[in-house]
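Asks: Next one to model:
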Amino acid sequence: MKSNLTLIGMPGAGKSTIGIILAKVLSFGFIDTDILIQINRQMSLQQILDQSDHLNLRKIEEEEILKINVVNHVIATGGSAVYSEKAMNHLQAISTIIFLEVGYEELTRRIHNFTTRGIAKSKDQSFRDLYEERQVLYNRYAQLKIDCNVLSQEEIAGEISQKIS
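Replies: Modelled structure (predicted):
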């Protein structure tokens, strides 16, 4: 097993929360790339989007991911990390990539702040279009897929822990 685990998936899939639980279970550190961006840029993701655009946010995300050089960590990426082949190749080199798979209907039930959440999408792109576009990318990079539609976050972390050991 590689020494890190990277969680990918749509906004609302539970990457950050499951990542924290999983890090505790495994006695690993935890990194949330969205938080890294906010700390290093001194702005929220939404502020970055408001001041520039989704392509700039994706570029910033790629830069932050490429700086990650850790062992024994769970890394929760932003939902758009998969748009960067460079970033994903880096994550594949240092970690096992786990796709937290959640259906469209379940995501729309979970996400209520779609317009203010800091989601890197083009202005005219619907959430459904974004979902369908990203599913292809998540599946391309995933080394392990976990169905997150019905399990609790603790059960998902337990399943990941069991499958990687």
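Asks: and residue 30, that one's in a strand?
Replies: Yes. Under DSSP: H, G, I helix; E, B strand; the rest coil, residue 30 falls within a strand.
Asks: Not counting sequence-adjacent ones, nearest residue to it?
Replies: Of all residues not flanking residue 30 in the chain, residue 23 sits nearest, at 3.9 Å (CB to CB, 6 or more residues apart in numbering). Every residue, glycine included, has its C-beta placed from N, CA and C.
Asks: contacting residues around the one you found?
Replies: Neighbouring residues of residue 23 by CB atoms under 8 Å, 6 or more residues apart in numbering: 29, 30, 73, 74.
Asks: Repeat that for residue 79.
Replies: Contacts of residue 79 (CB under 8 Å, 6+ apart): 8, 9, 10, 11, 13, 15, 119, 120, 134.
Asks: three-state assignment of it?
Replies: Recorded secondary structure, residue 79: coil (three-state DSSP).
Asks: Can you give me the distance of it to residue 71?
Replies: Residue 79 sits 25 Å away from residue 71, going by CB to CB, to the nearest Å.
Asks: Within the helices and strands, which one has the residue nearest to residue 30?
Replies: Using DSSP states H and E, residue 23 maps to helix 15-26.
Asks: excluding its backbone neighbours, what's nearest the residue positioned nearest the centre of the chain?
Replies: By CA atoms, centre = their mean, the chain has its centre lying nearest to residue 77, at 3.1 Å. Nearest residue to residue 77 in three dimensions, chain neighbours excluded: residue 33, at 5.0 Å (CB to CB, 6+ apart).
Asks: tell me, how many neighbours does that neighbour end up with?
Replies: A count of nearby residues for residue 33, using other CB atoms under 10 Å, gives 25.
Asks: Please identify the buried residues of the helix holding residue 23?
Replies: Applying a neighbour-count criterion of 16 or more other CB atoms under 10 Å, one finds 15, 16, 18, 19, 20, 21, 22, 23, 26 buried in helix 15-26.
Asks: and that helix, average pLDDT?
Replies: Averaging pLDDT along helix 15-26 yields 98.
Asks: And stretch 85-101, by the same measure?
Replies: Averaging pLDDT along stretch 85-101 gives 98.
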